[in-house]
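Enquirer: Make a model of this:
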Amino acid sequence: MSITCCLGLTIGYVGVLYVHPRTRPSSTVFRNDNAVIKARVTAITFSSTLSAVATAYILTSSNKFSISRGLDAIRVWPVPPIWELLRSSMLVTSVLFIGPLVEKLILNKGWKYLREDLTEGLTGWIGIRNYIVGPFTEELVFRACIVSIELQSGMSPVKSIWVSPLYFATAHIHHAYEVYTESPDALSFAIISSLFQFGFTTLFGWYSTFLFLRTGSVWPPFIAHAFCNSMGVPRLGARLEGPAWYTHLYNALLVGGAISFGLLLYPLTKTPNAII
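Expert: Predicted structure coming up:
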């Protein structure tokens with residue numbers, strides 16, 4: 001039953017994009033077109049809300065259902081205190097991305113672009129999709145709903161960390177079809193990029209599920225997800241423009257950040273509502 005519900009949520013999250021011609025991938029529908037983004041945001045928001053309500057109802061079916069009880073069951077409410085929220089999401093994730101952060105904000109003198117990026121992220125449709133609606137709806141469905149169902153079924157939290165991201169990664173495979181419809185000659189590229197995305201989203205899913213279980217709330221994974229989307233994938237072994245010490249510093253920070261992340265992950269995510 002748990003697997004059936006989780007597969008249903010996964011199919012519902014992706015499948016809603018294929019219902020209407022305005023959102024369905026095709027040679028005339030481009031994912032970064034504002035009209036397409038608006039339509040997809042509407043569809044995904046509806047689908048995710050429906051999934052959350054259905055999951056909350058299932059989890060509280062033995063008791064009298066109410067909105068507050070349902071939100072609490074999928075760990076959307078209450079919202080953690082602001083310091084706890086930032087410590088268990090932004091701070092710990094920033095340690096992992098210390099190399100790219102130093103590159104963007106110091107070596108490349110990116111402070112002057114920070115305000116523009118924030119404005120675009122909060123007002124432009126691409127930013128709204130990448131940093132708000134996308135991260136929140138994915139965390140709502142693939143963490144708040146799917147992980148909660150797995151725990152209710154008797155699955156251990158540790159096993160859920162390894163299993164639940166597979167649904168999350170599988171949901172991203174459809175991007176291969178999207179790339180193929182836009183460029184039919186790029187089939188091999190579509191397959192390779194999809195496999196890479198499957199691996200990367202699985203890795204992130206492990207981390208995000210750990211955050212969800214460690215904090216007992218969907219909000220830290222959402223913030224971490226939005227932040228990771230803004231940073232992209234760290235460029236391992238990259239050669240930076242500028243003096244040679246830029247590259248040496250960047251690579252050293254990547255290694256140091258990864259080690260520090262491993263050491264600080266457990267203590268920085270400690271909260272009173274921890275499930276694991």
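
Enquirer: Quick one: mean pLDDT for stretch 12-23?
Expert: For stretch 12-23, the mean pLDDT works out to 90.

Enquirer: Listing request: residues of the stretch 101-250 of the chain with sub-threshold pLDDT.
Expert: 109-122, 182-184, 186 (pLDDT under 70).

Enquirer: Okay, helices next: where are they in it?
Expert: 111-123, 125-128, 134-139, 146-152, 157-170, 174-182, 187-215, 219-231, 244-268 (DSSP state H, counting those that start in this stretch).

Enquirer: Leaving out the residues flanking it, which one is nearest to the residue nearest the centre of the chain?
Expert: Centroid-nearest residue in the chain: His225, 4.0 Å away (criterion: Cα atoms, centre = their mean). Using Cβ to Cβ, 6 or more residues apart in numbering and skipping residues adjacent in sequence, the residue nearest His225 is Pro135, 3.8 Å away. Where you see a C-beta, it was placed from the backbone N, CA and C, and this is true even at glycine.

Enquirer: doesn't Trp219 make contact with the one you found?
Expert: No - Pro135 lies out of contact with Trp219 (Cβ atoms under 8 Å); the separation is 10.9 Å.

Enquirer: Which residue, other than its chain neighbours, is closest to Arg239?
Expert: Thr247 (5.2 Å).

Enquirer: ditto for Val102
Expert: Nearest non-adjacent residue to Val102 (Cβ to Cβ, 6+ apart): Leu253, at 5.8 Å.

Enquirer: that older thread, turn the helices of the stretch 101-250 of the chain into CSV, including distance to Val102.
Expert: Converted to CSV, the helices of the stretch 101-250 of the chain look like this (distance: least, Cβ to Cβ, whole Å):
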stretch, distance to Val102
helix 111-123, 12
helix 125-128, 23
helix 134-139, 24
helix 146-152, 33
helix 157-170, 29
helix 174-182, 30
helix 187-215, 21
helix 219-231, 12
helix 244-268, 6
